[in-house]
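Student: Sequence first, predicted model second:
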Amino acid sequence: MKAVFDERQWQHDPQHFMANGAMLPNPEQPKRIEVLKAGAEAAGCRFEAPGDAGLGPIAALHSAEYLTFLETIHARWQRIPGSGAEVIPNIHPAARTDGYPKSAVGQAGYHQADTACPISDGTWEAAYWSAQSAITGADMLAGGERSVYVLSRPPGHHAFGDLAGGFCFLNNSGIAAERLRAGGLRPAILDVDVHHGNGTQGIFYDRDDVLTVSIHADPARFYPFFWGHAQERGEGRGLGYNLNLPLERGTPDDDYLATLDTALQRVRSFGTDVLVVALGLDASIDDPFQGLAVTKEGFARIGDAIAKTGLPVLFVQEGGYLSDSLGENLTRVLTGFQEEA
């Protein structure tokens, strides 16, 4: 299986993460690259560097105002007397229609949903090349590859069109799906991250040309809290084109796989001809976030089930945090997929 990664993705090195009122080390560490790359190579992946398709495919989903913010905010932040090393918001608007301030502090609050997406001097370049990796992967699939793995880091599925959040800045899976759609294909996004892909849902919520399906821990008591509930089905033309499948905390393999069958049936019903898998590995029983309880064997079964769709598949890396099983979980998904395919 071909794989895509750019070395500039190492440059994002977030230090802080506020949870439950405590400032903690950020779990979205660059070391994830090392572990995930080794896991993909153990499954036979051969990595290539992405091309540069420019801002066009990214701006197809993200506003020019937001992209300007991401590219310039760190330098502006450093001009604030006494500012911290990272851009972290401390105030937010009540609604997206509220006034747009000139202040760097105000714009940080407007464009960053939470304290889990600090921006440092290397964030924009890393996020840009993470997105370009997904774009190149999509182009490979459109060019005839049956499957491609993209090591997108930082991840992307919590990023809305003009809002970062949850370690995410650019919505890599969504950008890839839009690239495939613009090329004449009919893509579905299947998100298997333990956290609901709220940014992906938000971007496509009123559209009927990209199906979005997410399996995740029930957000009633789990991040992102405000999105990911079963009644969220889309709106306008998109009504019925979004499917959320929330699971109880600690859900094990068999129940997870039964839910995956439901998700894949919806993918088939959409007439999907290319599948983007937002590949979070944090549903693992070993993951620090402890949302679900999928085992190593369960991840192999996930890969096998996806392969049985017979669709071309683009795996875009989302979550999955440092644990003893992280790399092997990726190996198991990709091996399970290739053995069936």
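Tutor: Everything's here; your move. Numbering: from 1, shown residues only.

Student: quick one: the helices in the stretch 201-341 of the chain?
Tutor: For the stretch 201-341 of the chain, the helices defined by DSSP state H, counting those that start in this stretch occupy 253-269, 296-307, 326-340.

Student: Can you check the pLDDT for S214?
Tutor: In this model, S214 is scored at 98, pLDDT.

Student: Ok, M23 next?
Tutor: At M23, pLDDT is 88.

Student: which non-adjacent residue is nearest it?
Tutor: Leaving aside its chain neighbours, M23 sits nearest to H16 (5.8 Å; criterion: Cβ to Cβ, 6 or more residues apart in numbering). The way it works is simple: take the backbone N, C-alpha and C, and place the C-beta from them, glycine included.

Student: ok, A300 touching V333?
Tutor: Yes: under the criterion of Cβ atoms under 8 Å, A300 makes contact with V333 at 7.0 Å.

Student: between these two, which one's more packed in?
Tutor: Here A300 and V333 are compared on neighbour count by other Cβ atoms under 10 Å; more neighbours surround V333, at 28 against 22.

Student: Could you give the number of residues near the nearest residue to that one once chain neighbours are set aside?
Tutor: The shortest distance from V333 to any residue other than its chain neighbours is 4.1 Å, reached at G303 (Cβ to Cβ, 6+ apart). G303: 26 surrounding residues under other Cβ under 10 Å.

Student: Run through the neighbouring helices and strands of the helix or strand of the chain with the lowest mean pLDDT.
Tutor: Least confident helix or strand, the chain: strand 16-19 with a mean of 85, by mean pLDDT, DSSP states H and E. Contact analysis of strand 16-19 by 3 or more Cβ pairs under 8 Å, 6 or more residues apart in numbering; DSSP states H and E lists strand 22-25 as its packing neighbours.

Student: Paired strands for the strand it packs on, with orientation please.
Tutor: strand 16-19 (antiparallel) (DSSP bridges).

Student: chain center to the partner strand, what's the gap?
Tutor: Distance of strand 16-19 from its chain centroid, counting by Cα atoms, centre = their mean, to the nearest Å, is 19 Å.

Student: And for stretch 48-65?
Tutor: 16 Å.

Student: now what about it, what contacts it?
Tutor: Outside stretch 48-65, the residues that touch it by Cβ atoms under 8 Å, 6 or more residues apart in numbering are 2-7, 67, 100, 128-129, 131-133, 135-137, 139, 159, 161-162, 170-171, 174-175, 178-179, 182, 203.

Student: isn't the residue nearest to V333 right up against L334?
Tutor: Yes: counting by Cβ under 8 Å, G303 touches L334, with 6.3 Å between them.

Student: circling back to that earlier point, for the residue nearest to M23, list each beta-bridge partner.
Tutor: P25.

Student: quick one: it from V35, how far?
Tutor: Using Cβ to Cβ, to the nearest Å, H16 is found at 21 Å from V35.

Student: out of those two, which sits in the busier spot?
Tutor: V35 (20 against 16).

Student: show me what contacts the closest residue to H92 other than its chain neighbours?
Tutor: Leaving aside its sequence neighbours, H92 sits nearest to G109 (Cβ to Cβ, 6+ apart; 4.6 Å). When contacts are counted by Cβ under 8 Å, 6+ apart, G109 touches P89, N90, I91, H92, P93.

Student: Look up how far Q15 lies from the fourth one.
Tutor: Taken as Cβ to Cβ, the spacing of H92 relative to Q15 amounts to 22 Å.

Student: so who does the nearest residue to N242 once chain neighbours are set aside touch?
Tutor: Distances taken as Cβ to Cβ, 6+ apart place G234 nearest to N242, at 4.1 Å, with adjacent residues excluded. Applying Cβ under 8 Å, 6+ apart to G234 gives the contacts Y205, D206, D208, G240, Y241, N242.

Student: For G234, what are phi and psi?
Tutor: When read as degrees, to the nearest 10, the backbone of G234 gives phi 110, psi 170.

Student: V294 and Y256 touch, don't they?
Tutor: Yes: the criterion here is Cβ under 8 Å, and V294 meets it with Y256 at 5.5 Å.
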